[in-house]
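1. Predicted model and sequence follow; I will ask about them next.
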Amino acid sequence: MKSRRGIQGVASSPAIVGAVTVLVVIVAVFLAYNANNGLPFVSTYNLTARVPNANAIVKGNEVRIGGARVGVVRGVTPVQLKNGQVAAELDLRLDKSAEPVPVDSTMIIRPKSPLGLKYLQIVTGDSSEGFEAGDTIPLAAARPEPVDIDQFFNMFDEPTRNAIQRNLSGFGNALAGRGPQLNNAFGALRRLAENGQPTLRNLVAPGTNFGGFWRALEDLASTVVPVAETQASMFVALDRTFAAFARVSRPFIQEAIVKSPPLLDAAVEDLPAIRPFLRSSERVFTALQPGARALAATSPTINSALRAGIPVLNASPAFNAQLNPTAEALLDFQNEPGVFNGLELLTETNKVLEPGIRFIAPAQTVCNYLSLAFQNFASVASEGNGTGNWLAVLGFDAPDGPNAEALPSSAPANGPNKKNHLHSNPYPNTASPGQVDECEAGNEPYLVGKTVTGNVPGNQGTVTAGQLSKEGEG
């Protein structure tokens, strides 16, 4: 009875009841204030995590695993890595229920709301080993941070907004007043969808490998990444090209497009008939290729011939006027009796003379010997006085010694002094058939102290005195 009275007395005391109430409120406020940092006197699982950029992670933000809250961030501290870069180190206080976090787990900072509030999400791995309390989750476990909504809206900078305005204005002007056409288009879309169902079924069929098509496009896009700048330059050049086309689009390009179908119809009808001509042209041009390659070497000669031929062509009309009377005279001459007998005799004469002419002709055409001989014959008696001309004679004494040229000998002179050596070349090379291509007569050197009978050593070339004088005049 006494104790009950004591309890009733305490409960009936307003001061004691008020003091207890205030104490309970203070404890409740303290617990509510520190709820984000964990309840006091509760065991926790503490870890440290490194991320490249904390980016709006602050003290008190949540740590979640599988969407459930398992702890809080107690603090954020910047740290400098060994490579000189700066990262953020997060002090994590996790519930004991999350212990241990597998060592192959990953982390990602995600937005909790569009207002910018963030939280740290831990994606647990499959490893049987876990981090012990106090360990540090390495920087390699941090995934790239997802794009936030504010970063998404940052791409709409002033140039982009202006471009969007121009696009809206252009599309608006393009669609204005075209309601009936749009209605017809929407009506045709239904038929397109109905008729396109077989095509779509073929596209989604496993045998079509439509997914492989997009993967191939992805590979193609990754292949052209190194030449992105080159492609950008190409598109700039294409813009200039299409701008030039726009200036001539009407009426020139428009007329070309309108007239193209009749042209294609005519080509379909005419090309089969032209095909044999094209085949023949191919053979002709194939046969002309060696000649075309030879033109590169002969073009200077052809150029000179064309320049020299202009005066001849200018005078050709008068020459052509004489061709007809000349042809008639030749025809009358042919009809005269005895002409054929004379031609036959001339043919036989040419056959008889042909071997000698073939041997003698190079002496003149190559070495100019006949012209030199007539020139020397003319100059033999070219000097004289009032009494008469003189005959040019050159006298010399024959050298002395065994088999000297002054007396009959049994062998060619061969010393003993330098002058007593025979030099005789009775058949010098004159570029005739079977001989060396050289003009040896008159060009052979005199070898002092040596006996030389026949052709001298070496090739003396094909230039003679007359040819040298001609080159000098030229």
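-> Perfect, I can see it now.
2. Check the secondary structure at Arg93 for me.
-> Three-state assignment for Arg93 (DSSP: H, G, I helix; E, B strand; the rest coil): strand.
3. right, and it touches Arg74 too?
-> Yes - Arg93 is within contact range of Arg74, at 5.0 Å (criterion: CB atoms under 8 Å). For glycine as for every other residue, the C-beta is placed from the backbone atoms N, C-alpha and C.
4. any idea which element Thr77 lies in?
-> Taking DSSP states H and E as the definition, one finds Thr77 inside strand 68-80.
5. Quick check: can you name the pairing partners of that strand and their directions?
-> strand 62-65 (antiparallel), strand 86-95 (antiparallel) (DSSP bridges).
6. Need those strands in CSV (columns: distance to Trp214 and mean neighbour count).
-> Formatted as CSV, the strands paired with strand 68-80 follow (distance: least, CB to CB, whole Å; neighbours: other CB atoms under 10 Å):
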stretch, distance to Trp214, mean neighbour count
strand 62-65, 35, 19
strand 86-95, 38, 18
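7. Format the ones you listed as JSON lines; extra columns: mean pLDDT.
-> Converted to JSON lines, the strands paired with strand 68-80 look like this (pLDDT from 0 to 100):
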{"stretch": "strand 62-65", "mean pLDDT": "90"}
{"stretch": "strand 86-95", "mean pLDDT": "88"}
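8. Output those in JSON lines, with distance to Ala133 appended to each entry.
-> Converted to JSON lines, the strands paired with strand 68-80 look like this (distance: least, CB to CB, whole Å):
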{"stretch": "strand 62-65", "distance to Ala133": "15"}
{"stretch": "strand 86-95", "distance to Ala133": "9"}
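9. picking up where we left off before, so what touches the strand holding Thr77?
-> For strand 68-80, the external contacting residues (CB atoms under 8 Å, 6 or more residues apart in numbering) are 36-38, 44-45, 50, 54, 57-64, 86-95, 97-98, 120, 122.
10. Can you list the residue ranges for strands in the chain?
-> For the chain, the strands defined by DSSP state E cover 44-51, 62-65, 68-80, 86-95, 106-111, 118-123, 136-137, 423-424, 452-453.
11. In TSV: those strands, plus distance to Val268.
-> Listed next are the strands of the chain as TSV, based on distance: least, CB to CB, whole Å:
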stretch	distance to Val268
strand 44-51	69
strand 62-65	71
strand 68-80	74
strand 86-95	71
strand 106-111	64
strand 118-123	65
strand 136-137	73
strand 423-424	86
strand 452-453	83
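12. so where is the stretch 101-250 of the chain shaky, pLDDT-wise?
-> Along the stretch 101-250 of the chain, segments meeting pLDDT under 70 span 114-116, 145-148, 150.
13. Quick one: the helices in this structure, in order.
-> According to DSSP state H, the chain carries its helices in the segments 2-11, 14-33, 149-154, 158-175, 179-204, 210-223, 228-247, 254-335, 339-365, 369-380, 465-473.
14. Ok, which of those comes nearest Ser424?
-> helix 369-380 (18.6 Å; CB to CB).
15. and that closest one, what other elements does it pack with?
-> Identification of packing neighbours for helix 369-380 by 3 or more CB pairs under 8 Å, 6 or more residues apart in numbering; DSSP states H and E yields helix 339-365, helix 465-473.
16. Now do the contacts for Val63.
-> Here Val63 is in contact with Arg69, Val70, Gly71, Val72, Val73, Leu92, Leu94, Tyr119, Leu120, Gln121, Ile122 (CB under 8 Å, 6+ apart).
17. which one of the strands paired with strand 68-80 lies closest to Gln181?
-> Between these, strand 62-65 lies closest to Gln181; by CB to CB that is 53.8 Å.
18. ok, Ala327 to Asn154 distance?
-> 96 Å (CB to CB, to the nearest Å).
19. thinking again about what came up before, which one of the helices and strands packed on helix 369-380 lies nearest to Ala406?
-> Using CB to CB, these put helix 465-473 closest to Ala406, at 29.8 Å.
20. average pLDDT for the closest one?
-> Across helix 465-473, the average pLDDT comes to 53.
21. go on, stretch 254-261?
-> In the prediction, stretch 254-261 has an average pLDDT of 88.
22. Identify the residues contacting that stretch?
-> Contacts for stretch 254-261 (CB under 8 Å, 6+ apart): none.
23. before we move on, what about stretch 344-360?
-> For stretch 344-360, contacts defined as CB under 8 Å, 6+ apart pick out Ser432, Pro433.
24. one more time with 10 Å, if that's ok
-> Tyr369, Leu370, Thr430, Ser432, Pro433, Gly434, Gln435 (CB atoms under 10 Å, 6 or more residues apart in numbering).
25. Just the C-alphas of that stretch, formatted as CSV.
-> Output in CSV follows, covering the C-alpha atoms of stretch 344-360 (Å, rounded to 0.1, in the frame of the first residue of the first chain):
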residue,chain,number,x,y,z
GLU,A,344,60.9,-6.4,-167.9
LEU,A,345,64.5,-5.6,-169.0
LEU,A,346,64.7,-2.9,-166.3
THR,A,347,63.5,-5.5,-163.7
GLU,A,348,66.1,-8.0,-164.8
THR,A,349,68.8,-5.3,-164.7
ASN,A,350,67.8,-4.4,-161.2
LYS,A,351,68.0,-8.0,-160.1
VAL,A,352,71.6,-8.2,-161.6
LEU,A,353,72.6,-4.9,-159.9
GLU,A,354,70.9,-5.7,-156.6
PRO,A,355,73.8,-7.5,-154.9
GLY,A,356,76.3,-4.8,-155.9
ILE,A,357,73.9,-2.0,-155.0
ARG,A,358,73.2,-3.6,-151.6
PHE,A,359,77.0,-3.7,-151.0
ILE,A,360,77.9,-0.2,-152.5
